[in-house]
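Engineer: Mind folding the following:
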Amino acid sequence: MEYDTITFKAEEGVVLITLNRPDVMNALNSQMRGEITDAIEQSPQYGRVLVMTGSGRAFCSGQDLGDGVDPADADLERTLIDEYFPMLRAFQKLEIPTICAVNGAAAGAGANLALTADIVIASESAYFVQAFTRIGLVPDAGGTWLLPRKIGIARSMGLSFFADKVMAKDAQDMGMIWESVPDETFVDHWQSRALALASGPTEAYKRIKQMIRSSFDRSYDEQIATEAKLQGEAGKTRDFREGVLAFIEKRPANFEGR
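Structural biologist: Presented below is the predicted three-dimensional model:
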C-alpha cells in the first residue's frame, strides 16, 4: 500500500506503519491523519499485530502548526471530530494487538496517539510531553481519558498544567508506558515483541483487549461475569485446543486463530 506521509509494510504477521514526515518531526497534518486512519483500518487484512513508529528523530510532534491555517481561522473542534476522532477510534478499537514503538519525541497529540496503543515501548532517549498549555490549549486526542487511567489524577493534572517533559524511563516507572529500552537495542527489542504477538493466540488477545479496555465501565460482579463469558468463548477456539495439546506434548504451540 502506497501513501505520501506514512509508509506501510507487512511482514511475518507484523504490520508496520511508519510516520514519515521527518522534516517536521512527523507532525500531523490533515492528509497524514487520513492516511493513518486508512492504514489502521486496513491492517488486520495484512497481519496479526500492528506496530506504529516514527522516522527520523521523533515519533510525532503533534498537530502541524504550519499546516497553512491561520490560528485565528482554525476550527479546532471540527478538526478533532472530523479528523482526529476517526484515527483514534480506529486505533483504539482494533482487535489485533497494537504497539507504539516510540523512537523519539512524542508531544501533544503525538504523545496521546502513542498512548492509545495497547503496548508502548520507548527508546531511553524518547520523551512524552503534554505540550498543549504552551500554546494556550487543553490536552486532546484522548489525553484526558488516557492519562488518569494510566497514571492517576495528580500526575495527569501536573503534566497537563506544566507541560513537563517525561523521559521514557520515568514514563515506565509511573505506569504511563510498558517499557523503556536502551537506544542501541530498541529496534531489535520492539521487533521481537511484535513477532511474539504475531505468533501468539490472536483470539485470546482480542478478548483481553475487550475486557481490559471496558473494565472501567463495569462493577466487579459485571466484570467477572464478562470474564466468564469471554473465557467460555476462548475455550472453544482452535488456539485453546492447540495450546493444551502443545503443553501436553511439551512443544511450542502453533497458534493460528479461531
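
Engineer: So what's the residue count around Glu222?
Structural biologist: Number of residues near Glu222 (other CB atoms under 10 Å) recorded here: 12. All C-beta atoms are positioned from the backbone trio N, CA, C, and that covers glycine.

Engineer: For the strand or helix carrying it, buried residues please.
Structural biologist: Taking DSSP states H and E as the definition, Glu222 sits inside helix 220-234. Neighbour-count burial for helix 220-234 flags 223, 226, 230, 234 (criterion: 16 or more other CB atoms under 10 Å).

Engineer: quick one: the helices in the protein?
Structural biologist: In the chain, the helices defined using DSSP state H lie at 30-42, 76-79, 85-93, 109-115, 143-151, 153-162, 168-173, 186-198, 202-214, 220-234, 238-249.

Engineer: how about the shortest one as PDB, C-alpha atoms only?
Structural biologist: Yep, that's helix 76-79 we're talking about. Listed next in PDB are the C-alpha coordinates belonging to helix 76-79 (Å, rounded to 0.1, in the frame of the first residue of the first chain):
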ATOM      1  CA  LEU A  76     -10.300  23.000  16.300                       C
ATOM      2  CA  GLU A  77     -13.500  21.300  17.300                       C
ATOM      3  CA  ARG A  78     -14.200  20.400  13.700                       C
ATOM      4  CA  THR A  79     -10.700  19.100  13.100                       C
END
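
Engineer: List the buried residues for that helix?
Structural biologist: For helix 76-79, the neighbour count (16+ other CB under 10 Å) marks Thr79 as buried.

Engineer: ok, now which ones touch Met174?
Structural biologist: By CB atoms under 8 Å, 6 or more residues apart in numbering, the contact list for Met174 reads 151, 155, 166.

Engineer: Provide a list of residue ranges in the chain with pLDDT below threshold.
Structural biologist: Along the chain, the parts satisfying pLDDT under 70 run over 68-73, 257-258.

Engineer: Can you give me the domain boundaries for it?
Structural biologist: As given by automatic domain parsing, the domain ranges for the chain are 6-198, 202-249.

Engineer: JSON lines for the ones you listed, including distance to Phe255?
Structural biologist: Output for the domains of the chain, formatted as JSON lines (distance: least, CB to CB, whole Å):
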{"stretch": "domain 6-198", "distance to Phe255": "9"}
{"stretch": "domain 202-249", "distance to Phe255": "5"}
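
Engineer: I'd like the distance between the residue of the chain positioned farthest from its centre and Glu242.
Structural biologist: Of all residues in the chain, Glu249 sits farthest from the chain's C-alpha centroid, using CA atoms, centre = their mean; the distance is 35.8 Å. As for Glu249, its distance to Glu242 is 10 Å (criterion: CB to CB, to the nearest Å).

Engineer: And for Lys9, nearest residue in space, chain neighbours not counted?
Structural biologist: Nearest non-adjacent residue to Lys9, counting by CB to CB, 6 or more residues apart in numbering: Leu16, 4.6 Å away.

Engineer: That neighbour: what's it in contact with?
Structural biologist: Contacts of Leu16 by CB under 8 Å, 6+ apart are 7-10, 51-53.

Engineer: Likewise for Ser123?
Structural biologist: Residues near Ser123 by CB under 8 Å, 6+ apart: 102-104, 168, 180-183, 186.

Engineer: change it to 10 Å
Structural biologist: Each residue near Ser123 by CB atoms under 10 Å, 6 or more residues apart in numbering is listed here: 53, 59, 101-104, 168, 180-187, 189-190.

Engineer: Ok, Leu115 next?
Structural biologist: When contacts are counted by CB under 10 Å, 6+ apart, Leu115 touches 100, 102, 106, 128, 141-143, 145-147, 149-151, 171, 176-177.

Engineer: ok, Leu65 - how many residues close by?
Structural biologist: Leu65: 14 surrounding residues under other CB under 10 Å.

Engineer: Would you confirm that it contacts Ala107?
Structural biologist: No - counting by CB atoms under 10 Å, Leu65 does not reach Ala107; the two are 11.3 Å apart.

Engineer: shared neighbours, those two?
Structural biologist: Joint contacts of Leu65 and Ala107 (CB under 10 Å, 6+ apart) are Ala27.

Engineer: So Met87 is in contact with Leu28, correct?
Structural biologist: Yes - Met87 is within contact range of Leu28, at 8.6 Å (criterion: CB under 10 Å).
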